[in-house]
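**Q** any chance you could fold what I've pasted below:
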Amino acid sequence: MSYTQFVATASCTVVDGFNLESYLNAISERCVKGQNFIFDFYGEENGKVDIDFSQYVRKQNEKILIECDTEESNGNSEVWEWLLDQFVPVMISGLMEIKSATIDSRSGVDVNVFYLTKTGYVITTEQLLENYKSNVTEKFYQQLDKN
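**A** Take a look at the predicted model:
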């Protein structure tokens, strides 16, 4: 029998005193008013979408952690991805760090790390490594030229 699990965590920084519960309530109400895919899938209860976003999002000091684990109650990866977009406008950090792993009993583990900017641009680990390599190589050759 084949087995696949997706586990992911995104983190960003918000202002000191950020009220997470209030923000989650507001985006829940927005889901009902805008009737998006979350509303279509989960429906409405008491003017809010019938999903507990606090299963996906928690606060650690000034950091927001948005988590997904397909083996747990926060297992809908589409909701997780949508939540990432909801926190980009309120993050004060320049980047949101996103780490994920897909565990497949047949093909093994696939790990990914990337960053999301305030403008929604995705920066991959490969792009960072290429930038680092080119800067290190240039500095290395400059140092050799000095000797």
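**Q** which parts of the chain are strands?
**A** Along the chain, the stretches classed as strands by DSSP state E are 4-13, 44-45, 48-49, 57-60, 63-69, 95-104, 108-117, 122-124.
**Q** can you lay out these as TSV showing mean pLDDT and distance to V79?
**A** Placement of C-beta: from N, CA and C, glycine included. Putting these into TSV (pLDDT from 0 to 100; distance: least, C-beta to C-beta, whole Å) gives the following:
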stretch	mean pLDDT	distance to V79
strand 4-13	96	12
strand 44-45	93	15
strand 48-49	92	10
strand 57-60	96	10
strand 63-69	97	8
strand 95-104	96	14
strand 108-117	94	16
strand 122-124	92	19
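**Q** winner for burial among those strands?
**A** strand 48-49 (a mean of 22; mean count of other C-beta atoms under 10 Å).
**Q** helices or strands up against that strand?
**A** Using 3 or more C-beta pairs under 8 Å, 6 or more residues apart in numbering; DSSP states H and E, the elements in contact with strand 48-49 are helix 20-34, helix 37-42.
**Q** mind putting the ones you listed into a markdown table with mean pLDDT, distance to V136 and mean neighbour count?
**A** As requested, the helices and strands packed on strand 48-49 are exported to a markdown table (pLDDT from 0 to 100; distance: least, C-beta to C-beta, whole Å; neighbours: other C-beta atoms under 10 Å):
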| stretch | mean pLDDT | distance to V136 | mean neighbour count |
| --- | --- | --- | --- |
| helix 20-34 | 94 | 40 | 15 |
| helix 37-42 | 93 | 44 | 16 |
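**Q** hmm, back to that, what would the strands of the chain look like in JSON lines with distance to Q35?
**A** What follows is these, written out as JSON lines (distance: least, C-beta to C-beta, whole Å):
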{"stretch": "strand 4-13", "distance to Q35": "25"}
{"stretch": "strand 44-45", "distance to Q35": "9"}
{"stretch": "strand 48-49", "distance to Q35": "9"}
{"stretch": "strand 57-60", "distance to Q35": "21"}
{"stretch": "strand 63-69", "distance to Q35": "23"}
{"stretch": "strand 95-104", "distance to Q35": "26"}
{"stretch": "strand 108-117", "distance to Q35": "25"}
{"stretch": "strand 122-124", "distance to Q35": "27"}
